[in-house]
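Trainee: can you look at this prediction? I've put the sequence above it.
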Amino acid sequence: MTAPLMQKQWRLAARPDGIPDRSHFELAEVPIPDLEAGKAVVKTLYLGVAPVMLRYMRNETEFESPMALGAVMAGRGVAQVVESDCDDLPVGAIVQARLGWQEYALIDTSHRPAPFLLPTDLPLSHGIGAVSLSGITALVGVRDIGLVKTTDRILVSGAAGGVGSHVADIAKALGAREVVGIAGGPEKCRRLQADMRYDRVIDYKNENMHQALDSAFPDGIDLYFDNVGGPLLDNVLARLRRRARIVICGSISEYLVEKDDKHRFANLQNLGRQDAKMEGFFVFDYEHLYPECIDTLAGWVRNGLLNPIEDISVGIETMPDALADLYLGTNVGVRMVHVGEPNPHP
Ligand SMILES: NC(=O)c1ccc[n+]([C@@H]2O[C@H](COP(=O)([O-])OP(=O)(O)OC[C@H]3O[C@@H](n4cnc5c(N)ncnc54)[C@H](OP(=O)(O)O)[C@@H]3O)[C@@H](O)[C@H]2O)c1
């Protein structure tokens, strides 16, 4: 009998109270899964990390099944189908799917969002970011929730992050004139203008936010794309123009804050005064838009309107550090890990 082929797999070892680190994970060596009826075996090429993974680890989300200690760490990535008993997942296809933090996975089409095919003329890493969930989140947020207008003066928080790094390009591709980005530190702010088409930047770690917002928006804000939440959102609520829109994409500044210590908003009434709206959204609920969004985003990448910014480390061993980087604020653009190369003859 031949020995089974082995793969590496990260498992949840402990639930973090603060920023997750290597002590919360365990790297196991296990056999590559066998093919099962109706499923496909895929080889992982890239894995993404997202702030919400901290909440998976603490069992705080409803959309990810409860994670037991010892379970494979949940997450999505880009993979190549290497064996298949599923017509929708043919051998050789490059898909974005729920893989878990492992080098090979046995997948099917039952999880939502279902695995989706990626454009193969673009770098496969874009299947984590620009033509995948980060880009789709930015596009749905700006266009379908934010209802962007050409006259809007737009503010984006978390502007140098995975989602935020797409927002200015997308808003401009949709006709917006001016987009202001907020990020932490001079180097990120430099990149916002040099690489991400932000017109003006605010360094929230080194500037007085009241003064900076007064100066950037003397007449108020039309559209706020919020990745951060907390006191900054409250500050923006006080500066809305009439019929302003706030897109609640995420609230990363609050994810590590205990329930009783979360920010209490003082300026919510301004929504009513200004005939404004604030709307949250969850990209998994917009699965019906994915094919059109991927076509649109891929078209913009091809014609240079969308510049994907990626922050890639190599090797599945780097996954815990990649996740921690989101909370340490060291990533610029979409943080991901390059796990493997596609087989030339799958
Ligand atoms: N609605 C949806 O369906 C959806 C989908 C995907 C993501 N999201 C949400 O969108 C947001 C961005 O996600 P992402 O994947 O693109 O991650 P990301 O922006 O790359 O997240 C990391 C960045 O967040 C910033 N950050 C970290 N801690 C912070 C804090 N305490 N206060 C302010 N900023 C902080 C840091 O940038 P700075 O150095 O600039 O602070 C860091 O580089 C998250 O809130 C995420 O949960 C929502």
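Mentor: Noted; the coordinates are in hand.

Trainee: from residue 185, how far off is the residue nearest to residue 9 when sequence neighbours are not counted?
Mentor: Closest residue to residue 9 apart from its sequence neighbours, by C-beta to C-beta, 6 or more residues apart in numbering: residue 102 at 3.9 Å. The C-beta positions use only the backbone N, C-alpha and C, and glycine is treated the same way. Per C-beta to C-beta, to the nearest Å, residue 102 is found 34 Å from residue 185.

Trainee: wait, isn't the residue nearest to residue 9 in contact with residue 11?
Mentor: No: counting by C-beta atoms under 8 Å, residue 102 stays clear of residue 11, with 9.2 Å between them.

Trainee: who has more neighbours, these two?
Mentor: Each of residue 102 and residue 11 has its neighbours counted (other C-beta atoms under 10 Å); residue 102 has more, 25 against 19.

Trainee: quick one: residues contacting that one.
Mentor: Contacts for residue 102 (C-beta atoms under 8 Å, 6 or more residues apart in numbering) come out as 7, 8, 9, 10, 30, 44, 72, 316.

Trainee: among these, name the buried ones.
Mentor: 7, 8, 9, 10, 44, 72, 316 (16 or more other C-beta atoms under 10 Å).

Trainee: pull up the pairing partners for the helix or strand containing residue 154, direction included.
Mentor: Here residue 154, judged by DSSP states H and E, is contained in strand 153-156. Sheet pairing of strand 153-156 (DSSP bridges) gives strand 178-183 (parallel), strand 221-226 (parallel).

Trainee: CA atoms of stretch 177-186 as CSV?
Mentor: Provided in CSV are the C-alpha atoms of stretch 177-186 (Å, rounded to 0.1, in the frame of the first residue of the first chain):
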residue,chain,number,x,y,z
ARG,A,177,-14.9,63.7,-9.3
GLU,A,178,-13.3,63.8,-5.9
VAL,A,179,-12.5,61.1,-3.3
VAL,A,180,-10.8,61.7,0.0
GLY,A,181,-9.2,58.7,1.8
ILE,A,182,-8.3,58.2,5.4
ALA,A,183,-5.5,55.8,6.4
GLY,A,184,-3.0,55.4,9.2
GLY,A,185,0.5,56.7,8.7
PRO,A,186,2.5,58.7,6.0
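
Trainee: how many other residues sit next to the closest residue to the ligand within the stretch 51-200 of the chain?
Mentor: Nearest residue of the stretch 51-200 of the chain to the ligand (C-beta to the nearest ligand atom) works out as residue 161 at 1.9 Å. For residue 161, the number of neighbouring residues by other C-beta under 10 Å comes to 29.

Trainee: now it, what's its secondary structure?
Mentor: What DSSP: H, G, I helix; E, B strand; the rest coil gives for residue 161 is coil.

Trainee: quick one: distance of the helix or strand following the strand holding residue 154 to the chain centre.
Mentor: Downstream of strand 153-156, the first helix or strand assigned by DSSP H and E is helix 164-173. Chain-centre distance of helix 164-173: 14 Å, with C-alpha atoms, centre = their mean, to the nearest Å.
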